[in-house]
Structures are given as structure tokens and as C-alpha cells.
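# With the input below, show me the fold.
(2 chains)
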Amino acid sequence: MAATQKTPFSAHLLTVFFALFVLFLYGPMIAVFLLSLQGPEGQLTFPMRGFSFHWIGAVFGQQRIGNFVEAFGRSFWLGLLVMLITVVFSVLAGLAFRTNFRGSNLVFYLTISSLIVPSILVSLGIGVVFSLLNLPVQWYSSALAGHLTWTLPFAFLIMLGIFGRFNPAYEEAARDLGASDRTTFWRIVFPLIASSVIGVGLLGFTLSYDEFTRTSLISGETNTLPLEIFGMTTNVTSPALYALGTLTTVFSFVLIAIALFTMQKLEELQNQQER
Amino acid sequence: MQISSKDLRPYLLVAPQTLTFLFALVLPIMAIVIISFWDFNGFTSVPGFTFNNYLGIFSSPVYLKTYLNTFKFAFLVWLVCVLISYPVAYYLAFRIKSSKWQTIWFLICTVPFLTSNIIRMISWIPFLGREGLINKALIGLHLTNQPVEMFLFSDFSVVLAMVHLYALFMVAPIFNSMMRIDRALISAAEDLGASSFNIQKRIIMPLAAPGVAIGTIFVVTLVMGEFATMRLMSGGKASSVGYLIKNQIDSLQYPMAAANAVVLLAITLLIVFGILRIVDIRKQI
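A predicted model of the protein is given here:
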């Protein structure tokens, strides 16, 4: 009681500050949602002029604002590819780090260093390597490599945290009972990390789906969605730009919701089995 | 001595990830370093070994200005991020008592960072533009007669957008550090009569420092390595090293771009190692 009486004012102040922070994060997003639902007379700023799905429809009219659908397709497949590779590579590396091996420090620092190399360097460097090797830059080759330098370190750190948290006795018990490595992994280890793997997958996909700088110089002649949108900012001055923003944001939200829901379900399942 | 398959196992397991980094990170950086010594004859890059690119960077006032401008933005964005993120992380870690709500609020703070950066920049136009909400409010309150042009396409809008884009990279590590603080320490200090200011200064701040350090590394490297926000939010007026590199590549001056990239990398690494010398972050992982 004493504490609640002592600091009501500063406590409220902090709550207000936090609320303002959340408003700062979501306010612009909500503004864009609203403005993308304007009537055909709509402008880039408030007040809203009417209400319609005119601008949402305009996004799909190819000649109006660049080629959104194809760029979306590329970003979607690239995201899936990055997600898959990120999950598999980081789980494997996480498994390796369950034992102490010579050179593990080197591997660790190599991975972390990828986070602190400025993005533009990665883009430029991969572009240079591809041109020295006489390979054409493409979204599915050079841009893929660029994205992995960003997603893998995060996934690796998360996997280290997850593997560090559960007891190796589970696996040892399974091995003592004669289970092969493969059986031990799929029957014991994987169910324990499954929900985190989905989290890592979501992170891998969204980081790739939204990545700009690490794609910018190396996606070849075709654009990924963020590059396409960046190009539009210079020549599209109608709410169609906002409509596109609304669509991609809603897409991200749906993905996040599905991932969180699945993680929740998996954890419930896990808890039931432990009982 | 025979090497059993068991000894090889961890190496096989880390091989895919490590090979990816060797190909997509180490090799590219080596290539940049090599190219940075090449010549540029006005049309194309010529293999060679010259220090002219570097001499050009260090002797030109234009480059110096661009570098200083980059540091200015990195510093401003960092400062605002710390000032915002520390109280936010503190609120999440200490004021919200149920761990379920902690997770929910943290997720609410995280979700916007999983959406498109470019869209998040654009979404400031309805607020900052000539006819944006802020100008309308100022005119409505008779604080100004003419719309203020400086909100959009200025240093202010660049910093605002970058803070909006990168604040989570500061909030998350500070939150992580704060969650590791043993609550018994704080109750003990309270029982001994410590003021909340002293608890903040002598317990929470020192223990949250590694989080601030990690956040600093993230924010500084993110600001140093990008050009899109600078281009979009300054309307092409402000310049940064990232933007400069991008422009040099667009005009095919690869050796010059590479030399700038090497200098940028060296500066970034200096800052990171400087931070790591002050704060030990290894225990945070």
C-alpha cells in the first residue's frame, strides 16, 4: 500500500508516456488505413474525402501505379525461401552449439558480425562478387544471399537462447534407450522447439519481405515489393500509395496472427503432454 | 588418432550457416576492399592499385561534410531512441506485473516493426506535410498563418522517421536486460529505505547498461548503413554516407563507392569495439 500511495503521480506519468509511445507507433499506420479508404477525390492528407474502395482497387490496375502484383509475388516467394533456409540452418547451428567444439567462438563471432556490418556494404559487396564471378544478379540468388546475412544471425541468437533453456537430459535419455540421432531429434527435440521454430520462421519471412537496403543494389532488373513501393513514392501522388501500404500491412498482420495463433496452440499441446 | 564421426558432427551442423556467411559476407567485404584500390577512368572500373580513392575521401570537404552529417544523424537518432526506449522498457519490465500482459504489450510494441519500412515512412506524410495534421492544428490554433514547410523533408522528419523505424532495436535489448534483474535486489533496497531515484540510479541503470549498449550498436549501424529514409524523408536534401555510396554506384563509380564503404565499415567497427570495451554484453545472450 505504501508504494502505491507514494508514487501515484510518477506512475501515471509513465503510463501516459507508454501510451504515447504506442500511439506514436500506430498513429501513422491508422492514418494511412483511413486515407486509403477515401473516395475517388481523395488526397494525400486529411480530411477524408468520402469513403470507398476506389484506391484499393486502383492498386490492382497495373498501368496506374507500377506492377504491384508481380513484385508482391517475388517478395512472397523470396520470403518463403529465406524463411525455410533460415529455420533449417539456424536449427542445425543451434544443435551444434549444444556441445562445446573447437572454433565455436569463431563461428559465433562471424555470425554476430553480420549484424553490425552496415546494410549498404552487404548489398554493394554481393553485387561486386556477382559481377566478378560473371553471374547475373537476381532476386532469387544475390538478393537471397543478402537477406540471409540479416535473418540468420537473429535466428541463430534465438536458437541459442531456446536450446540453452531446455535440459539435455531429455536427449541423453532417448539415446541411452537406443534411439538414433534422427529419432531423438524428431521425437524429443523438435516438439520442444516447435513453437519457437514458427517464431523464427515468422521473423525470417517478415524481415525478408520488408527488407530494402540489402536488396536495393542486387535484385537485378526486377523489383521486390519494397523496391517497387520505394520507386512509386517518387511518381505516385495519390492515395493509391496508401492503399498499397494498407494492403501489405494487412498482409503482414494476417501472417503475424496466424503464426502467433499456431505458436499458442503448440504450446498448449506441449503443456498437455507434459502433464 | 582417428577422428570419429561424432567429433565431426558439430562442424557438419554449423557448416551450412558458416558457408553462407563466408560467401555472402566475408567474400563480399574482401571484394569491396580490393575494388576500393581500383581506378576509375570516367566510364568503367580498371583493376589496379591506387590510394587515390582514399586520398579523395580524406582530402575533400564535401566528403567530410557528408561523414559529419551521418554522425550527426546517428547521434540524434540514438539519443532520442535511448530517451524514449528506457522508460518504455522500464514500464514493460517493472510496472506491468503479470507476465501474460508483459508479453502482450511487448508484442504490441513489436508488430509495427514487422511491417514495411517504406510504408512506415510514407505514413508520416498525412501528419507532416504542408497540409498535414500538424500544420492544420497550428493554423487552427492561430500559432502560425502559413503552413510550416520544415516538418516534412527536413532533418527533423529524417530523425523522426528513423526513431519510428528503429526504436524497437533499443527497447528490446533494454527490456531483456531489465527482465534479468533480480527483483529481490529491488525489494531489499526498498526495505533498506532507498529512494526510487537511488534504486533507479544505483541498481536498475547499471544492470540495464548492457541492454543500452546492444541497442546502441543496433541503432548506430542501422542509421549508418541505410539511404532510403535519408532520401525519402529529407526529399533528397540531406546526405549520408549510405546515400553517397548508393549515388556513386548508380553512376558506376564502384572503386569510389567501395572506398567509402571501407571507411564506413572501419568507423562502424571502431564504434562497436569502443562500446564493447566499456560494457560486457556476452552475458546477455
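# Would you pull up the residue in the stretch 151-275 of chain A closest to chain B?
Per C-beta to the nearest C-beta, residue A:245 is where the stretch 151-275 of chain A lies closest to chain B, at 3.8 Å. Where you see a C-beta, it was placed from the backbone N, CA and C, and this is true even at glycine.
# List the contacts of that residue.
With contact taken as C-beta atoms under 8 Å, 6 or more residues apart in numbering or on different chains, residue A:245 is in contact with A:32, A:36, A:229, B:116, B:119, B:122, B:123.
# ends of stretch A:169-186, how far apart?
Stretch A:169-186 has an end-to-end distance of 16 Å (C-alpha to C-alpha, to the nearest Å).
# picking up where we left off before, okay, the residue of the stretch 151-275 of chain A closest to chain B: pLDDT?
Residue A:245 carries a pLDDT value of 85.
# And chain A, split by domain according to the record?
Using automatic domain parsing, the domain parsing of chain A gives A:1-65+A:236-275, A:70-235.
# Of those domains, which shows the lowest average pLDDT?
Going by mean pLDDT, the lowest-scoring of the domains of chain A is domain A:1-65+A:236-275, which has a mean of 79.
# what's stretch A:161-179 in contact with?
Residues contacting stretch A:161-179 (C-beta under 8 Å, 6+ apart): A:94-95, A:97-98, A:181, A:183-184, A:187-189, A:192-193, A:196, B:285.
# One more pass at 6 Å, please.
Outside stretch A:161-179, the residues that touch it by C-beta atoms under 6 Å, 6 or more residues apart in numbering or on different chains are A:94, A:98, A:184, A:188, A:192, A:193, A:196.
# Tell me if stretch A:252-270 is near chain B.
Yes - against chain B, stretch A:252-270 shows contacts by C-beta under 6 Å from any C-beta of the partner chain at residue A:252.
# tell me which residues of that stretch are tucked away?
A:252, A:255, A:256, A:259, A:260, A:262, A:263, A:266 (16 or more other C-beta atoms under 10 Å in any protein chain shown).
# Please, which helix or strand holds the fifth one?
So the one you mean is residue A:260. helix A:240-274 (DSSP states H and E).
# Show me where the stretch 101-250 of chain B has its helices.
For the stretch 101-250 of chain B, the helices defined by DSSP state H, counting those that start in this stretch cover B:117-122, B:125-128, B:133-140, B:155-166, B:168-179, B:183-191, B:196-199, B:205-224, B:228-233, B:241-250.
# Export these to TSV and append columns for distance to chain A.
Converted to TSV, those look like this (distance: least, C-beta to the nearest C-beta, whole Å):
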stretch	distance to chain A
helix B:117-122	4
helix B:125-128	4
helix B:133-140	6
helix B:155-166	7
helix B:168-179	9
helix B:183-191	8
helix B:196-199	6
helix B:205-224	5
helix B:228-233	5
helix B:241-250	5
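# Check the ones you listed for me: which has the lowest mean pLDDT.
helix B:133-140 (a mean of 79).
# what's in contact with it?
Under C-beta under 6 Å, 6+ apart, the answer for helix B:133-140 is A:46, B:127, B:144, B:147, B:148, B:151.
# Buried ones among these?
Among the contacts of helix B:133-140, the ones that count as buried by 16+ other C-beta under 10 Å are A:46, B:127, B:147, B:148, B:151.
# got the contact list for the second one?
To tie it back to what came earlier, the one meant is residue B:127. Applying C-beta under 6 Å, 6+ apart, we find residue B:127 in contact with B:133, B:134.
# repeat that for 8 Å
Per C-beta under 8 Å, 6+ apart, neighbours of residue B:127: A:27, A:28, A:31, B:133, B:134, B:151.
# With the first one instead?
Residues in contact with residue A:46 (C-beta under 8 Å, 6+ apart) are A:31, A:35, B:126, B:132, B:133, B:136.
# Please report the distance of it from residue B:119.
Distance from residue A:46 to residue B:119, counting by C-beta to C-beta, to the nearest Å: 18 Å.
# where does residue B:39 fall, phi/psi-wise?
In terms of degrees, to the nearest 10, the main-chain angles of residue B:39 are phi -100, psi 160.
# Near it, how many other residues are there?
14 (other C-beta atoms under 10 Å in any protein chain shown).
# same thing with residue A:35?
For residue A:35, using other C-beta under 10 Å, the count is 26.
# any idea whether it is helix, strand or coil?
Three-state call for residue A:35 (DSSP: H, G, I helix; E, B strand; the rest coil): helix.
# Show me which positions of stretch A:229-239 end up buried.
Going by neighbour count (16+ other C-beta under 10 Å), the buried part of stretch A:229-239 is A:229, A:230, A:232, A:233, A:236, A:238, A:239.
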